[in-house]
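> any chance you can model this:
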Amino acid sequence: MKKLLMLIAPVLFVLVAFRPVKSHTVSGTITDESGNPVMGASVMVKGTTTGVAADNKGTYKIIVPGAHSILVFSGAAVETVEVKVKGRSVINVVMKNKTAVGTEVVVTSLGMAKQYKEYGYSTSKIKSSPLNGYISVQDEGDMNSYFFKPGEGRYEDFDREGYDKIVENKFLKATDNPLSTFSIDVDAASYSNVRRFLNQGQLPPAGAVRIEEMVNYFKYEYPQPEKKDPFTVNTEISDAPWNSNHKLVLIGLQGRQIPTDNLPASNLVFLIDVSGSMGEPNKLPLVKASMKLLVEQLREKDKVAMVVYAGAAGLVLPPTSGYEKTKIKDAIDRLDAGGSTAGGAGIKLAYKTARENFVKGGNNRVILCTDGDFNVGESSDDAMERLIEQERKSGVFLTVLGYGMGNYQDAKMQKLADKGNGNHAYIDGLSEAKKVLVNEFGGTLFTIAKDVKLQIEFNPAKVQGYRLIGYENRMLAKEDFNDDKKDAGELGSGHTVTALYEIIPAGAESEFLKDVGKLKYQKDVEPLSKTKYSDEIMTVKLRYKSPDGDVSKLIEHPVKDEHIAIAKTSDNFRFAAAVAQFGLLLRDSEFKSEASYVSVISLAKKAKGNDDEGYRSEFIRLVESAKLLAKTKPAAEGDEETISKK
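Prediction:
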């Protein structure tokens, strides 16, 4: 018997060791210390890239591989919590709020002072607040914010974020400049980046606030196109909430919604930055979780390849059918960060792979996931832009997904997306990845119209002056409108695009319009002269091309001066106006007039409409946070951008 047991024991050991692990579902609700739902909180299975995001009610549901799994709950404004499953099916979590704004301190340590001096910072009084082990400081020498990490008696420079300085569009006289021309912009990276700053207890630098991207982060209920054109044109006019002497005109485009099953086959190349700078938890691990969400949306006819780049570039997954989801996810799981960043080599290989597997009439696209911190190879902005411009001629589009903080190169990624016939999103958490890659799958990845340009002609009998709010980096010369060689923005399936003009009515007094001397050779125009178009305030003209076309089509849309009280405007108008007003405040715009956080909150609350996903409710909470921050930690005068210091 003893011998028999000795023979059976190894067999039993093997059977027990390799028994199948039974997975089960865990669900629950995530709240903060005040009992409020933590919308969009990330729930990950520790040691894996399996994760989900909580909905707008803070509820979640996730499949765990075993009873002894550990769940990691995290969010931008709350402390990370780890919870052992212990076989439970329901786990409700209360998360502590992170410390937002800290106390004032004075730098007295010679060691710290020396470190600051080496980096070129003043060692005068600073303001600090702890954040994920880093210290966010506002230097009173140059009034910019920087990140440092305490460790072994020294501070590590962690702020090399790059933002372009934005010179706001000014008011122009309709008699001198009757035409306003610009390219559409469907990017929404600025809003999620601004949200990241506010959730960390900081007002964002002015260069991070692109008002058009904040407005276009949200969906608006415009009617779907019924005719052959791929989008509808919608307009609305009322008073400007921040200046009762001015009018506000909304122009909204609604792209045709194409059901996912009817979308053309996709040829996607994931281009993933695995350099050393991507090792942070909110970078490569979040990239991997994001890509897995996207993989779940793929169909059998779709193909995915994967290129990585660090010290060198390489193809780690050849083109693979969307049906083979496990194979694709396994390749994602094998990604690790390390090495310097050869961005140029990676981009070349990704486009080469996309060209070799080009699907005629399909969706051919490179999806770049990076913090933008290229430093080896094609590293200059100019060289990278020329490379992208050359590659886009192949018909391959570009989507740029930005990750991380501290060295996030916003300006560079904006340029790459613009030059690559693409779009740009900033992923600050798993919930944003879900929004961009799942909820807005068609709009993010499937182009229905390219090179979309708008040209507005103002009627001087109605308009004395006008200003386009935002779109500063999308402005075009009036001659570019009819030039089909001039690149412009792309519109995706189901996407909406909203633009706002602030109007100074004819005959109104304004501090924003300056007179010049009487001209000798120019004919004067009577501002209130009668014309056969006296009921029109403007005409909206659009040009667009089909995704594979080279010749543009023209749409004209006259706009009558049908002014209505702001209280009677649509939710679209009032919410877009609230977001724009918020942007003016964050930028401390010279055109903010009587703008206030109270006005923003009031407008937004009355225009929440159907907010199933909770994005508009989240916006209101962010405005309330910014209102408090503005009182305790006002933005510095002249703080136009966060300077990149290396």
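> what about residue 560, how many neighbours?
Counted with other Cβ atoms under 10 Å, residues neighbouring residue 560 total 13. The C-beta positions use only the backbone N, C-alpha and C, and glycine is treated the same way.
> does it touch residue 535 like I think?
Yes: counting by Cβ atoms under 8 Å, residue 560 touches residue 535, with 5.3 Å between them.
> avg pLDDT for stretch 295-307?
Regarding stretch 295-307, the rounded mean pLDDT is 93.
> Provide the contact partners of it at residue level.
With Cβ atoms under 8 Å, 6 or more residues apart in numbering as the test, stretch 295-307 has contacts from 260-261, 265-272, 313-323, 325, 328-329, 331-332, 346, 349-350, 353-354, 357, 359, 437-438, 441.
> got the contact list for the residue positioned nearest the centre of the chain?
Centroid-nearest residue in the chain, with Cα atoms, centre = their mean: residue 189, separated by 1.6 Å. Contacts were defined as Cβ under 8 Å, 6+ apart; by that measure residue 189 touches 213, 402, 410, 413-414, 424-426.
> just give me the closest of these to residue 466.
Nearest to residue 466 out of these is residue 213 (Cβ to Cβ; 20.9 Å).
> mind listing what that closest one touches?
Residues counted as contacts of residue 213 (Cβ under 8 Å, 6+ apart) are 185, 187-191, 470.
> let's go with 10 Å and repeat that
By Cβ atoms under 10 Å, 6 or more residues apart in numbering, the residues touching residue 213 are 185-194, 414, 424-426, 470-471, 583.
> could you identify the buried members of the residues you listed?
Those of these that meet the buried threshold are 185-194, 414, 424-426, 470-471, 583, by 16 or more other Cβ atoms under 10 Å.
> among those, which lie within strands?
Using DSSP state E, 424-426 are the members of these that sit in strands.
> which SS class is the residue nearest to residue 81 when sequence neighbours are not counted?
Counting by Cβ to Cβ, 6 or more residues apart in numbering, residue 81 lies nearest to residue 73, which is 4.6 Å off, once chain neighbours are set aside. For residue 73, the assignment made with DSSP: H, G, I helix; E, B strand; the rest coil gives strand.
> the one 10 residues further on too?
State at residue 83, reduced to three classes by three-state DSSP: strand.
> that one reaches residue 93, doesn't it?
Yes: Residue 83 is in contact with residue 93 according to Cβ atoms under 10 Å; the separation is 6.3 Å.
> if we can go back for a sec, redo the ones in strands among the buried ones among the contacts of residue 213 as CSV? Include pLDDT.
Supplementary listing: these in CSV, determined by pLDDT from 0 to 100:
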residue, pLDDT
424, 90
425, 90
426, 91
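> which one of those sits closest to residue 278?
Checking these against residue 278 by Cβ to Cβ gives residue 426 as the nearest, at 14.9 Å.
> which non-adjacent residue is nearest that closest one?
For residue 426, the spatially nearest residue (Cβ to Cβ, 6+ apart) is residue 189, at 4.0 Å.
> distance of that neighbour relative to residue 268?
Relative to residue 268, residue 189 is positioned 20 Å away (Cβ to Cβ, to the nearest Å).
> cool, thanks, signing off.
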